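> Sequence first, predicted coordinates after that:
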Amino acid sequence: MSYRLVIVGLALLVVMLFAASLFTGPAGLDIATSVEGLFLGGNEAARLVMQEIRLPRAILGAMIGATLGLSGAVLQGYLRNPLADPGVLGVSASASLGAVIAIYTGLSAAFALALPVLAMGGAVAAVLVIQFLAGGRAGTLTLILAGVAITSLAGAMTSLALNLSPNPFAAMEILFWMLGSLTDRSMVHVWLSAPFMVLGWMVLAPLGRALDALSLGADAAQSMGVRLNRTQTLTVLGTATSVGAATAVAGAIGFVGLIVPHLLRPVVGSKPSRLLFPSALAGASLVLAADVAVRLIAPERDLKLGVLTAIVGAPFFLYLVIRYRRTLT
Amino acid sequence: MTRLSVQNLSVDLGGQPILRDVSLDFEAGGVIGLIGPNGAGKSTFLKAVLGLVPSRGKIAYGGKLLPEIDRHALAHLTSYLPQDREIAWPLSVENVVALGRTPHLSALAGLGSEDQAEIERAIALTDIADLRNRTISTLSGGERARVLMARVLAQATPILIADEPVAALDPGHQIALLETLDALSSAGRTIIVSLHEISLAARWCRRLVLLDKGSVVADGTPEDVLTHDHFAKVYGVRIHRAVTEDGLLVQPVARLPAEK
């Protein structure tokens, strides 16, 4: 299949699912009222639902999905490891910890934006630790180990917050937040996270050529002119900025960044650079589709997005392992 | 022509001295073979010359010291075949060879006509035209080695460094590759290869450098380097050595009793 065809097909899919996300919800608006509410704002209730509730939700779904797909593809390429996902550097876990601290201390109740801001602070802290541990001398194993250490530490601190939570409601709130969701996000969340996600994309997108060269190993890549330290720093910064911002507004949404590059690898001929843009589009499609699905499957129960991606993602990943085990040596 | 000059090169890895005070000059005019027993420091020497391992001493390309040459500029001067034949993804053969053009491409542009020409030349030189649409993971070890060599040739640099380029190749392809390298060196390229195949080194290299325990033991023509004394001292083997109408033939025949 030609690369252009893949791009066009996936872009159309994103547009369709974006529209589907706009037209799905408990308010039960018909399409005409929805479109009118979105663009003209005639009916005040419809305007509110469309512009204040569904539009930010769809925008965040698309952007977060693109972030997860792109960063997953970059990390798998950089680490030359098909098991890498956007969480491998510990950024998601530490962003989650920041959010948990905001909930635990009551800051998020007093000031709604405290949660995403502290979550981004958590992501920044993770980057500083990673650059301290793995910076200078480039080593993919060091990077993975640093990520494991940060994830474990953030997980331990999160458990501590749950353990010491003042009442069951605080514990429930922390747990539910960590499941990952796009429900009730506003345009403020979009304005807060979108610039960081776009910035992260701009850092990650030009890495394709270096990732291609890295297919032949670090030494060969360097002999072809790749500056390894620079590539690693950009990978870490780009992932942390975009994934940190995504996690800060939506919590951890698993499996998207892991599965999307796998799905597309055979389609684009395995070349890491050719995987980046399609992975961003497919990630956006997947999160938009999952976010439509949670509203259709259990409209009253607020099924969490992260739960659905994990339920669908884990068995699908297993299927991929079985299907490709012959080519994975 | 770019002259590669190495002075007093020393490398320590993990606290172990690997190379000690190696000084060598390289220029075009015949394939230069780096030989020596396992652990002699051949691969480390080649990596150090490319700045891939930390080293002491001076490495200069055309008079310019290595630390002052950035990675991109160096990639226009030297290409390198690592001994580690890693290929992370199931890429097509053609895609792998095209990677050799990486340093020649601008940030956004794809392959140009000159790039295509170099890729085709490299594919022809390594005899992999019939493999070009295959996936690299379906190839045999020797076929894979030829594809990776084609990648190096496609980089089209004045200096070519290859770590055991003929290992895993069948005799026909071994000779074909060495003929190719010999022709390239006659055309003005500097070719440095490490190898274990003594008979091929004798036949195809015009200069041999014998390394042992991180130091240069001998440096000269195959006739001067592949002597009974050197083999006894460095490899601990006895050789059969004959000058025939096919040139110098050297064959290790027996292990010598260990020296007291």
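In hand now; what should we look at? These numbers were taken from a predicted model, which means no experiment stands behind them.
> Work out the gap between the helix or strand harbouring B:Ser185 and the centre of the chain.
Per DSSP states H and E, B:Ser185 falls inside helix B:171-186. With C-alpha atoms, centre = their mean, to the nearest Å as the basis, helix B:171-186 stands 12 Å off its chain's centre.
> Over to stretch A:89-100?
On C-alpha atoms, centre = their mean, the centre of stretch A:89-100 falls 12 Å from the chain's centre.
> hey, C-alpha coordinates of that stretch in CSV?
Provided in CSV are the C-alpha atoms of stretch A:89-100 (Å, rounded to 0.1, in the frame of the first residue of the first chain):
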residue,chain,number,x,y,z
LEU,A,89,10.4,6.8,30.4
GLY,A,90,8.3,7.1,33.5
VAL,A,91,6.7,10.4,32.3
SER,A,92,3.1,9.1,32.6
ALA,A,93,3.7,7.7,36.0
SER,A,94,5.2,10.9,37.4
ALA,A,95,2.6,13.1,35.7
SER,A,96,0.0,10.9,37.4
LEU,A,97,1.8,11.3,40.7
GLY,A,98,1.6,15.1,40.3
ALA,A,99,-2.1,14.8,39.7
VAL,A,100,-2.5,12.5,42.7
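> which residue ranges form the strands in the stretch 51-200 of chain B?
With DSSP state E, counting those that start in this stretch as the criterion, the stretch 51-200 of chain B has strands at B:56-61, B:64-65, B:78-81, B:159-163, B:190-194.
> Of all these, which one is nearest chain A?
Across the strands of the stretch 51-200 of chain B, chain A has its closest neighbour in strand B:78-81 (3.7 Å, C-beta to the nearest C-beta). Where you see a C-beta, it was placed from the backbone N, CA and C, and this is true even at glycine.
> sorry, back to before: now render the strands of the stretch 51-200 of chain B as a markdown table, adding distance to chain A.
Compiled in a markdown table, those are given as follows (distance: least, C-beta to the nearest C-beta, whole Å):
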| stretch | distance to chain A |
| --- | --- |
| strand B:56-61 | 13 |
| strand B:64-65 | 16 |
| strand B:78-81 | 4 |
| strand B:159-163 | 8 |
| strand B:190-194 | 13 |
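> Mind listing residues that contact the helix or strand of chain A with the lowest mean pLDDT?
Across the helices and strands of chain A, the lowest-confidence element by mean pLDDT, DSSP states H and E is helix A:31-39, at a mean of 81. Identification of contacts with helix A:31-39 by C-beta atoms under 8 Å, 6 or more residues apart in numbering or on different chains yields A:22-23, A:29, A:42-43, A:45-51, A:54-55.
> For chain B, state which of these is nearest.
A:Leu55 (33.0 Å).
> shouldn't that closest one be in contact with A:Ala19?
No: using C-beta atoms under 8 Å, A:Leu55 is not in contact with A:Ala19; the gap is 11.5 Å.
> okay, the two: which has more neighbours?
Counted by other C-beta atoms under 10 Å in any protein chain shown, A:Leu55 and A:Ala19 do not tie: A:Leu55 has more neighbours, with 19 against 15.
> Secondary structure element holding that one?
For A:Leu55, the element it lies in under DSSP H and E is helix A:55-79.
> pLDDT (mean, whole number) over that helix?
On average, the pLDDT along helix A:55-79 is 96.
> so what does the next helix or strand after that helix touch, helix or strand wise?
Following helix A:55-79 in sequence order, the next helix or strand is helix A:91-104 (DSSP H and E). Where contact means 3 or more C-beta pairs under 8 Å, 6 or more residues apart in numbering or on different chains; DSSP states H and E, helix A:91-104 is packed against helix A:107-110, helix A:114-134, helix A:140-163, helix A:168-179, helix A:228-250.
> Please tell me how far helix A:91-104 is from the chain's geometric centre.
Relative to the chain's own centre, helix A:91-104 is displaced by 15 Å; criterion: C-alpha atoms, centre = their mean.
> what's the angle from that helix to helix A:228-250?
Note on geometry: by axes from the mean of the first three to the mean of the last three C-alpha atoms, to 10 degrees, helix A:91-104 and helix A:228-250 are set 40 degrees apart in direction.
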